[in-house]
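1. below are the sequence and a predicted model; questions follow.
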Amino acid sequence: MIRTRLAVAIASLTPAIAVAAATQAPAQVRGGQVRLTPAEIDRLAKGEAGPGTSGIAGIRTTILLGDPAAAGPYVIALQVPANTQIAAHSHRDARSAVVVSGTWYFGYGRAADAGAAKALPPGSVYTEAAGDPHFAMTRDMPATVYISGYGPTDTQYTAAP
């Protein structure tokens, strides 16, 4: 049920994703259509950091669609270890996100404040307005978040991480 809600949320948050899919090379792309199972996503290349990510050691990034460094729609998956804190930062593009697993603690503001972070369980949705500072963290369990936007994206910390 959560995966169904996730697919609906991603489709509704980024309607232009079919355009991005048409430019991808994965074997699953057929005439602008993309279908990725969890096992196929697990086999995609993962990196430590990339455009629009925090660059914090231990966070794994998987590009699901598009290219966050280029103009156009993209979707990235962040796998964040337990007990990780991401300092307040912003991005030049507006983004939408869906929590896939774990509990993601997310807040808005120029400084990370654990008391101001809202616990977002799997199936939760949130937005990151362009230039609007925000922060995030995990506690005793890891979390996976799918983030969509229209690149190019970047990460600008409000203070040193």
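-> Perfect, thanks for sending it. Residues are numbered from 1 along each chain as shown.

2. how about the strands in this structure?
-> 46-47, 60-65, 72-80, 85-90, 95-101, 104-108, 118-120, 125-128, 134-137, 143-151, 156-157 (DSSP state E).

3. where does pLDDT dip in this structure?
-> Counting by pLDDT under 70, the chain contains low-confidence residues at 1-31, 48-52, 160-161.

4. quick one on the thing from earlier: so for Pro38, which of the strands of the chain sits nearest?
-> With Cβ to Cβ as the criterion, Pro38 lies closest to strand 95-101 of these, at 9.4 Å. Heads up, the C-betas are built off the backbone N, CA and C, glycines and all.

5. mean neighbour count and distance to Thr53 added to the strands of the chain, as CSV?
-> Converted to CSV, these look like this (neighbours: other Cβ atoms under 10 Å; distance: least, Cβ to Cβ, whole Å):
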stretch, mean neighbour count, distance to Thr53
strand 46-47, 12, 8
strand 60-65, 20, 5
strand 72-80, 22, 7
strand 85-90, 19, 9
strand 95-101, 22, 11
strand 104-108, 21, 14
strand 118-120, 14, 18
strand 125-128, 17, 13
strand 134-137, 22, 11
strand 143-151, 23, 9
strand 156-157, 12, 12
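
6. Gly32: which of these is closest?
-> strand 60-65 (11.3 Å).

7. partners of the closest one, with directions?
-> strand 46-47 (antiparallel), strand 72-80 (antiparallel) (DSSP bridges).

8. how about these in JSON lines, adding distance to Ser101?
-> Formatted as JSON lines, the strands paired with strand 60-65 follow (distance: least, Cβ to Cβ, whole Å):
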{"stretch": "strand 46-47", "distance to Ser101": "15"}
{"stretch": "strand 72-80", "distance to Ser101": "9"}
